[in-house]
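Visitor: test case, fold it:
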Amino acid sequence: MKKIHFIAIGGAAMHNLALCMADIPWYKVTGSDDEIFDPSRSRLEAKGLLPEKMGWFPERITPDLEAVIVGMHARKDNPELIRAQELGLRVYSFPEYLYERTRTKTRIVVGGSHGKTTTTAMILHVLKHVGMECDYMVGAQIDGFDNMVSLSPSAHIAVFEGDEYLTSPIDPRPKFHLYHPHIAILTGIAWDHINVFPTFEMYVDQFRKFTELMEHQGRLIYCADSPELCQIASNLRHDLIAFPYSTPKHEIRDGITYVDHRGQLIPLQIFGTHNLQNMNAARMACNQIGISDPVFYNAIKTFHGASNRLEKVAETPTAIAFKDFAHSPSKLRATVEAVRTQYPTRRMIACMELHTFSSLTEAFLPQYEGTMQQADEAFVYFNPQVIEHKQLKPITVQQVQQAFGSKNVRVFTDSAALQDHLRQLDYNNAALLFMTSGNFDGVNLKQFAAELIHAESNA
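Guide: Numbering: from 1, shown residues only. Alright, predicted model coming up:
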């Protein structure tokens, strides 16, 4: 029996990896954390992996541990981490461990400022449809998959979502620098994580380094609409081969998007320019591992999307509601544009929450200019207490209003007041959109959207 211990087991990625490892018969999994919230808590408890007591206990770190995996939530001075280092144990970050377990496999890694989760989920959906086993890591729950992480001794392919954020408290490298892909996808570059990459140039450089770390004779699939990616692709190592992609030919009829494949119109469950581009990237990656276009399209037409990625949460004959993880300016603009294009005759009501470090930073706010101007009514919410908690300089309603720069935007700092206002609106012939990486301070968005448009909630 091989023993493995997780420091900060309650994280979204960490607890999924712990659940995955617990399913392998010859591993015994333990973990610690100072606080664990649902859904991580319930899922760990169901598997018998929830720590008996919250906190850090160096005595749990013993010489017989094969590996210790440390999550981003831990600090450099974590007592368990210090003990593991004193004992000379093998300490891995989350991405380091994924790479270690897939060294001998063909690795497909999806990076980019937006669309990573959806593109990864599309590839996984197609591989499952054709019965091709793979290891994977994806940043959201997707239909047909019980977990967000899987490692199988019999799989020959690994598909990873490649995040550019930092690896661990003791490793400041971006996560996707550790995966060394054979096949890489880059979906686009739009400045994010200002707390880590204070200039756009520094941010772009992480993607350049990512390509430099690809395996010998690797394949780079990149979005040709991005000037930064085009420049990176034109200066690759000589052994790498680059494949550009763009938006495929398509039509929209009665709220359904059809992709045109050699004159055949194939109905899709997804919509929006970015999603169509994501699909094209996924198709090209699948081509590289032997999946033909007809087989790909036959599978992708049943793909509904990943959780919180333009996810339809409620619908009536006269209204429809979506929620999306969009929070950065590029994601926000693309999501609003996608709903407007798909439902051009509907009154569009868009709500977004400034929740991340970057979005609540005064210097970054001007990046949001014009991002919601295509909505008929737009609402922006932020909580001043979150700004205080993140130890940022306070911002005002007027600053946010000015940053978005369009008259249709109204700013709220009280979640209850925003909810009350939304209840007063008319949702007949409307498209309602919630965009956030949070939840507007405790709102069940599926239930609330159903309440607003008078639909049955499936939450």
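
Visitor: mind listing the helices for the stretch 51-200 of the chain?
Guide: For the stretch 51-200 of the chain, applying DSSP state H, counting those that start in this stretch gives helices covering 79-86, 94-101, 116-130, 200-212.

Visitor: export the last one as PDB, just CAs?
Guide: The C-alpha trace of helix 200-212 is given here as PDB (Å, rounded to 0.1, in the frame of the first residue of the first chain):
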ATOM      1  CA  PHE A 200       0.700  42.800 -20.100                       C
ATOM      2  CA  GLU A 201       4.200  42.000 -21.500                       C
ATOM      3  CA  MET A 202       5.000  39.800 -18.500                       C
ATOM      4  CA  TYR A 203       1.700  38.000 -18.900                       C
ATOM      5  CA  VAL A 204       2.300  37.400 -22.600                       C
ATOM      6  CA  ASP A 205       5.700  36.100 -21.900                       C
ATOM      7  CA  GLN A 206       4.300  33.200 -19.900                       C
ATOM      8  CA  PHE A 207       2.600  31.800 -23.000                       C
ATOM      9  CA  ARG A 208       5.800  32.200 -25.000                       C
ATOM     10  CA  LYS A 209       7.700  30.200 -22.300                       C
ATOM     11  CA  PHE A 210       4.900  27.600 -22.400                       C
ATOM     12  CA  THR A 211       5.600  26.900 -26.100                       C
ATOM     13  CA  GLU A 212       9.400  26.700 -25.300                       C
END
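
Visitor: if we can go back for a sec, redo the helices of the stretch 51-200 of the chain as JSON lines? Include mean neighbour count, distance to residue 371 and mean pLDDT.
Guide: Glycine gets a C-beta too; all of them are placed from N, C-alpha and C. Shown next, in JSON lines, are those (neighbours: other Cβ atoms under 10 Å; distance: least, Cβ to Cβ, whole Å; pLDDT from 0 to 100):
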{"stretch": "helix 79-86", "mean neighbour count": "18", "distance to residue 371": "40", "mean pLDDT": "97"}
{"stretch": "helix 94-101", "mean neighbour count": "20", "distance to residue 371": "31", "mean pLDDT": "96"}
{"stretch": "helix 116-130", "mean neighbour count": "25", "distance to residue 371": "19", "mean pLDDT": "96"}
{"stretch": "helix 200-212", "mean neighbour count": "17", "distance to residue 371": "17", "mean pLDDT": "96"}
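
Visitor: as a markdown table, these with distance to residue 351 would be great.
Guide: Formatted as a markdown table, these follow (distance: least, Cβ to Cβ, whole Å):
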| stretch | distance to residue 351 |
| --- | --- |
| helix 79-86 | 40 |
| helix 94-101 | 32 |
| helix 116-130 | 21 |
| helix 200-212 | 27 |
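
Visitor: what's near enough to touch the residue nearest to residue 111 when sequence neighbours are not counted?
Guide: Computed as Cβ to Cβ, 6 or more residues apart in numbering, the closest residue to residue 111 that is not its neighbour in sequence is residue 162, at 3.9 Å. With contact taken as Cβ atoms under 8 Å, 6 or more residues apart in numbering, residue 162 is in contact with 109-111, 116, 175-176, 179, 181, 184, 210.

Visitor: relative to residue 60, which of the residues you listed is nearest.
Guide: residue 175 (25.5 Å; Cβ to Cβ).

Visitor: got the contact list for the closest one?
Guide: Residue 175 makes contact with 93-95, 162-167, according to Cβ under 8 Å, 6+ apart.

Visitor: out of these, which is nearest to residue 148?
Guide: Distances from residue 148 to the contacts of residue 175, taken by Cβ to Cβ, are shortest for residue 94, at 11.6 Å.

Visitor: now for the nearest residue in space to that closest one that is not next to it in sequence, how many residues are close by?
Guide: Excluding the flanking residues, the one nearest residue 94 by Cβ to Cβ, 6+ apart is residue 13, at 5.5 Å. Neighbour count of residue 13, defined by other Cβ atoms under 10 Å: 20.

Visitor: excluding its own residues, what touches stretch 246-255? List them.
Guide: Taking Cβ under 8 Å, 6+ apart as the rule, stretch 246-255 contacts 223-225, 257-260, 265, 271, 273, 276-277, 279-280, 341-343.

Visitor: please, which helix or strand holds residue 252?
Guide: strand 250-253 (DSSP states H and E).

Visitor: can I get that strand as PDB, trimmed to CA atoms?
Guide: Below are the C-alpha coordinates for strand 250-253, written out as PDB (Å, rounded to 0.1, in the frame of the first residue of the first chain):
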ATOM      1  CA  HIS A 250     -21.700  28.400 -39.400                       C
ATOM      2  CA  GLU A 251     -25.400  29.600 -39.400                       C
ATOM      3  CA  ILE A 252     -27.800  30.600 -36.700                       C
ATOM      4  CA  ARG A 253     -31.500  29.600 -37.200                       C
END
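
Visitor: quick one: average confidence on that strand?
Guide: For strand 250-253, the mean pLDDT works out to 94.

Visitor: got the CA coordinates for the next helix or strand after that strand in CSV?
Guide: Note on strand 250-253: by DSSP H and E, the next helix or strand toward the C-terminus is strand 256-261. Extracted in CSV, the C-alpha atoms of strand 256-261 (Å, rounded to 0.1, in the frame of the first residue of the first chain):
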residue,chain,number,x,y,z
ILE,A,256,-29.8,27.1,-32.9
THR,A,257,-26.2,27.3,-34.2
TYR,A,258,-25.2,25.0,-37.1
VAL,A,259,-21.6,24.4,-38.1
ASP,A,260,-21.0,23.9,-41.9
HIS,A,261,-18.9,20.9,-42.6
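
Visitor: before we move on, the earlier item: the strand holding residue 252 pairs with which strands?
Guide: Strand 250-253 sits in its sheet next to strand 256-261 (antiparallel), going by DSSP bridges.

Visitor: and the helix or strand hosting residue 16, what's buried?
Guide: Using DSSP H and E, residue 16 falls within helix 12-22. Within helix 12-22, the residues scored as buried using 16 or more other Cβ atoms under 10 Å are 13-22.

Visitor: picking up where we left off before, now the residue nearest to residue 111: phi and psi?
Guide: Main-chain dihedrals, residue 162, degrees, to the nearest 10: phi -110, psi 100.

Visitor: for the remainder of this discussion, apply numbering that starts at 19.
Guide: Okay, residue one is now 19; in that scheme the one you just asked about reads as residue 180.

Visitor: could you report the pLDDT at it?
Guide: 96.

Visitor: strands of the stretch 369-477 of the chain, start to end?
Guide: Taking DSSP state E, counting those that start in this stretch, the strands of the stretch 369-477 of the chain run over residues 395-399, 427-430, 448-453.

Visitor: looking at the ones you listed, which is nearest to residue 119?
Guide: Smallest distance to residue 119 across the strands of the stretch 369-477 of the chain (Cβ to Cβ): 34.7 Å, for strand 448-453.

Visitor: name the nearest residue to residue 356, ignoring sequence neighbours.
Guide: Residue 356 sits nearest to residue 290 (Cβ to Cβ, 6+ apart), 2.6 Å away.
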